[in-house]
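# please find the sequence and the predicted model below.
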Amino acid sequence: MTPIEDLKGKTAVVTGGAGFVPSHLIDRLLADGLRVVALDNFVTGHRRNLAHLEGNPNFAFIEQDVSEPYDVEGPVAFVFHMASPASPIDYVQIPIETLKAGSYASHNALDLALRKKATYLVASTSEVYGDPEIHPQPESYWGNVNSIGVRSCYDEAKRYAEAATMAYHRAHGLDTKIVRIFNTYGPRMRLDDGRVVPAFIGQALRGEPLTIFGDGTQTRSFCYVSDLVDGIWRLARSTTHEPVNCGNPHEMSMRQFAEAIAEVFGIELKVDPKPLPPDDPKVRKPDITRAKAVLGWEPVVPFDKGIRETIEYFRGQLQPA
C-alpha cells in the first residue's frame with residue numbers, strides 16, 4: 001500500500017464532490033496533504049457540503065456535469081469517480097441522469113485518468129448484487145438484478161461502470177479500483193433522499209410514526225461514513241484491481257433499526273406500515289473477508305456513536321435558520 005507520506009502535494013480529482021460520501025472523502029484527502037479538485041453540477045449534491053473548504057488553497061471546485069466532456073489542468077495522481085444519484089427517490093425522479101452517471105460520466109472519468117496516467121477508483125454499490133440469493137454477499141457473487149425494474153437505472157449503471165473500469169484496465173493497463181459500497185450513514189446525508197437512516201431520523205425529529213415497508217424483516221448493514229472513507233482511501237492506495245466490498249457486516253432488520261432509533265430518542269415506537277417497493281432487496285450484508293485481507297480494513301465506529309452524531313446533524317438541519 002502506498003504510504004500517505006509519498007502522496008503529499010499530489011492532486012486527486014473527485015467527481016460528485018458535493019455529495020454525501022464524496023465530500024467526506026475530500027476532507028480525508030486534504031487532511032492527508034493532497035490537493036483536491038472537485039466537480040459537481042448539484043443535481044443531488046449540495047454546496048453546503050463543501051462550504052467549509054472555501055478559501056482552502058489546496059481545494060478547487062469546478063461546476064460541471066461530468067457526463068459531458070471536461071478536463072483538469074496539471075498532473076493528477078487519483079481520479080475518484082463518485083458522481084451518481086444514490087437514493088430510491090432519485091431512481092424514480094431522475095433515471096436518465098442516473099444512467100448517464102454510470103455510463104458517459106464513467107468514460108469521461110476513465111479517459112481523464114488515462115490521459116493523466118492516474119489511479120482510477122469507481123464508487124460502485126452493493127446494488128450490483130440486486131435481491132441476492134447468496135447471503136452475505138461476497139465479491140464473487142454475480143448478483144440477481146432485474147434489468148428493467150424501477151431500480152434498474154441505478155443497478156445497471158453501476159454494473160456498467162464496473163465493466164467499463166475493467167475494460168480500461170485490461171485494454172489500457174490503467175490502474176483501476178472498484179469499491180462496492182454498502183449502506184452508509186452520517187452527517188451530510190440529504191434528509192429527503194428516501195433512504196432509511198434519514199427517513200427514520202427525520203420522522204422521529206418531527207414526532208411522526210416511522211415508515212416501515214413490508215413486514216420489517218428485510219435487513220440492511222449500516223457503516224458510518226468515516227469508516228467507509230478509510231476503506232476507500234486504503235483501496236485507492238492498494239495494488240488490487242478486483243472489486244472490494246466496503247460496509248459494516250453488523251446486520252439489522254428494519255424493525256430492529258426502528259426500535260434502535262426509538263430507543264436513542266427515548267420515545268415509544270410508532271409505525272406507519274407501507275407495502276414493500278418493487279425489487280427492494282430482502283437482505284443486505286457484506287462479506288468483508290477481502291477487505292480485511294487486502295486492505296487490513298474493517299469498521300471501527302460503533303453504531304450507537306455514529307447514529308447519535310448523525311441525529312445531531314439532522315437536528316441542526318431541521319432547526320429554523
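Arrived safely.
# quick one: the helices in the stretch 1-150 of the chain?
20-31, 88-93, 95-102, 104-116 (DSSP state H, counting those that start in this stretch).
# return the set of buried residues in the shortest one.
Neighbour-count burial for helix 88-93 flags 88, 90-91 (criterion: 16 or more other C-beta atoms under 10 Å). For glycine as for every other residue, the C-beta is placed from the backbone atoms N, C-alpha and C.
# also stretch 258-268?
258-262, 264.
# out of the residues you listed, who's nearest Pro278?
Distance to Pro278 across the buried residues of stretch 258-268 (C-beta to C-beta) is lowest for Ala258, with 21.7 Å.
# hmm, back to that, adding pLDDT and distance to Asn58, write the buried residues of helix 88-93 out as a markdown table.
Below are the buried residues of helix 88-93 laid out as a markdown table (pLDDT from 0 to 100; distance: C-beta to C-beta, whole Å):
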| residue | pLDDT | distance to Asn58 |
| --- | --- | --- |
| Pro88 | 86 | 35 |
| Asp90 | 91 | 31 |
| Tyr91 | 88 | 35 |
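# among these, which one lies nearest to Pro273?
The shortest approach to Pro273 among the buried residues of helix 88-93 belongs to Pro88, at 17.3 Å (C-beta to C-beta).
# isn't the closest one right next to Pro198, touching?
No. In this structure Pro88 lies outside contact range of Pro198 using C-beta atoms under 8 Å: 11.7 Å.
# how about JSON lines for the buried residues of helix 88-93, with distance to Gly33 added?
As requested, the buried residues of helix 88-93 are exported to JSON lines (distance: C-beta to C-beta, whole Å):
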{"residue": "Pro88", "distance to Gly33": "37"}
{"residue": "Asp90", "distance to Gly33": "34"}
{"residue": "Tyr91", "distance to Gly33": "37"}
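# Gly186 and Glu156, how far apart?
Distance of Gly186 to Glu156, given as C-beta to C-beta, to the nearest Å: 27 Å.
# what sits against Thr211?
Applying C-beta atoms under 8 Å, 6 or more residues apart in numbering to Thr211 gives the contacts 199-200, 203, 271-274.
# which of these are buried? Put it as a ChimeraX command.
Buried members of the contacts of Thr211, defined by 16+ other C-beta under 10 Å, are picked up in ChimeraX with:
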select :199,200,203
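# which of the contacts of Thr211 fall within helices?
199-200, 203 (DSSP state H).
# Phe80: which of those is nearest?
Ala199 (27.4 Å).
# spatially nearest residue to the closest one (excluding sequence neighbours)?
Here the nearest residue to Ala199 in space, its sequence neighbours aside, is Thr211; by C-beta to C-beta, 6 or more residues apart in numbering that works out to 6.4 Å.
# quick one, phi/psi of that neighbour?
Dihedral pair for Thr211: phi -80, psi 120, per degrees, to the nearest 10.
# partner residues bridging it?
Asp272 (DSSP bridges).
# what sits against Ser226?
24, 186, 301.
# can you classify it by secondary structure?
helix (DSSP: H, G, I helix; E, B strand; the rest coil).
# coming back round to it: lowest average confidence across the helices of the stretch 1-150 of the chain, which one?
Among the helices of the stretch 1-150 of the chain, helix 88-93 carries the lowest mean pLDDT, a mean of 89.
# from the contact counts, what lies against that one?
helix 152-172 (3 or more C-beta pairs under 8 Å, 6 or more residues apart in numbering; DSSP states H and E).
# what's the first helix or strand after the helix it packs on?
Using DSSP states H and E, the helix or strand that follows helix 152-172 towards the C-terminus is strand 176-181.
# chain center to the next helix or strand after that following strand: distance?
Counting by DSSP H and E, the next helix or strand C-terminal to strand 176-181 is strand 184-185. Taking the mean of its C-alpha atoms, strand 184-185 sits 8 Å from the chain's own mean (C-alpha atoms, centre = their mean, to the nearest Å).
# any chance you could map the strands in the stretch 201-321 of the chain?
Per DSSP state E, counting those that start in this stretch, the stretch 201-321 of the chain carries strands over the ranges 210-213, 219-221, 223-224, 244-246, 251-253, 271-274.
# give me the helices and strands touching the second one, please.
When contacts are defined as 3+ C-beta pairs under 8 Å, 6+ apart, strand 219-221 packs onto strand 251-253, helix 254-265.
# can you check the shortest one too?
Using 3+ C-beta pairs under 8 Å, 6+ apart as the contact definition, the elements that strand 223-224 packs against are strand 184-185, helix 303-318.
# buried deepest among these, which one?
strand 184-185 (a mean of 24; mean count of other C-beta atoms under 10 Å).
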